[in-house]
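K.L.:
next input, structure requested:
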Amino acid sequence: MDLFRQSIARPVNLLAHNGEAKYYGILIPLAEADHYFNHLLTIIDWKNDQVIIRGKQILTKRKVAWYADAPFKYTYSGTTKQASPWMKKLYQLKTIVEKKTGEQFNSCLLNLYHNGEEAMAWHSDGEKDLKKHGAIASLSLGAERKFSFKHKASKKKVSLLLEHGSLLVMRGTTQDYWQHCLPPMKRITKPRINLTFRSIV
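P.N.:
Next up, the predicted model:
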């Protein structure tokens, strides 16, 4: 029995205006979440991410992988990636997320954070390859991490703790008006896998 681990029957929008971000709580029960986490940790073709910052190509400690229905190309942070075909367990998770959200996704960008020192700076997922105002579903496995939103104009911030096996969904104009980040948490020593299911056009 997963004490204090529960789904949220009617998730509330975390953002006061200009977007929609709903936290569904626990989507994957603990034993299953552990199984998926350990499987993805070993079977996914993880690679260090390459990003261009101030004109310089940087190799991140964080690792990434990109899977999709077709060999889509996806460009962000100045670099382009080509998708690999779905793996069985990854496709299973896509199906679970689609059933819960009522959305359809054709791709998944995965991030592997080895510990709390590895983070993600403020950004918006507004790349031209993404379906405009389409849903982005973020499934978390592994270490619990803080996740924050910041309104681009008012600078208002909203934060929450993403639990092992939990689901967060961003929709609508969220990427137009809000940025989000995964701040460092140096006390965290265990890894986290984040799966972001997306629609490429």
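K.L.:
residues touching Gln175, list them.
P.N.:
By C-beta atoms under 8 Å, 6 or more residues apart in numbering, Gln175 lies in contact with 19, 124-126, 133. No exception for glycine: its C-beta is placed from N, CA and C like everyone else's.
K.L.:
quick one: which of those residues is most hemmed in?
P.N.:
Gly19 (20 neighbours; other C-beta atoms under 10 Å).
K.L.:
ok so, going back, closest one of the contacts of Gln175 to Asn115?
P.N.:
The nearest member of the contacts of Gln175 to Asn115, counting by C-beta to C-beta, is Asp125 at 23.8 Å.
K.L.:
would you confirm that that closest one contacts Gly134?
P.N.:
No - when contacts are counted by C-beta atoms under 8 Å, Asp125 is not listed as touching Gly134 (9.7 Å).
K.L.:
what's the closest non-adjacent residue to Thr174?
P.N.:
Counting by C-beta to C-beta, 6 or more residues apart in numbering, Thr174 lies nearest to Gly19, which is 3.3 Å off, once chain neighbours are set aside.
K.L.:
brain fart, Pro184
P.N.:
Closest residue in space to Pro184, ignoring its immediate chain neighbours: Ala119 at 4.2 Å, by C-beta to C-beta, 6+ apart.
K.L.:
count residues in the vicinity of that neighbour, would you?
P.N.:
Residues lying near Ala119 (other C-beta under 10 Å) number 16.
K.L.:
what's the local residue count around Ser199?
P.N.:
The number of residues packed near Ser199 is 17, by other C-beta under 10 Å.
K.L.:
hang on, isn't it packed against Cys108?
P.N.:
No - under the criterion of C-beta under 8 Å, Ser199 makes no contact with Cys108, lying 10.7 Å away.
K.L.:
sheet partners, orientation included, of the least confident helix or strand in the chain by mean pLDDT?
P.N.:
Scoring the helices and strands of the chain by mean pLDDT, DSSP states H and E places strand 47-53 at the bottom, with a mean of 80. Looking at strand 47-53 with DSSP bridges, its partner strands are strand 56-68 (antiparallel).
K.L.:
just the CA atoms of the strand it pairs with, as CSV, please.
P.N.:
The C-alpha trace of strand 56-68 is given here as CSV (Å, rounded to 0.1, in the frame of the first residue of the first chain):
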residue,chain,number,x,y,z
LYS,A,56,29.7,27.9,-27.4
GLN,A,57,28.7,24.2,-27.6
ILE,A,58,28.4,22.8,-24.1
LEU,A,59,28.2,19.1,-23.2
THR,A,60,25.9,18.7,-20.2
LYS,A,61,26.2,16.2,-17.3
ARG,A,62,22.5,15.6,-17.8
LYS,A,63,21.7,12.9,-20.4
VAL,A,64,18.9,12.8,-22.9
ALA,A,65,17.1,10.5,-25.3
TRP,A,66,14.5,11.2,-28.0
TYR,A,67,11.9,8.6,-29.2
ALA,A,68,8.9,9.0,-31.6
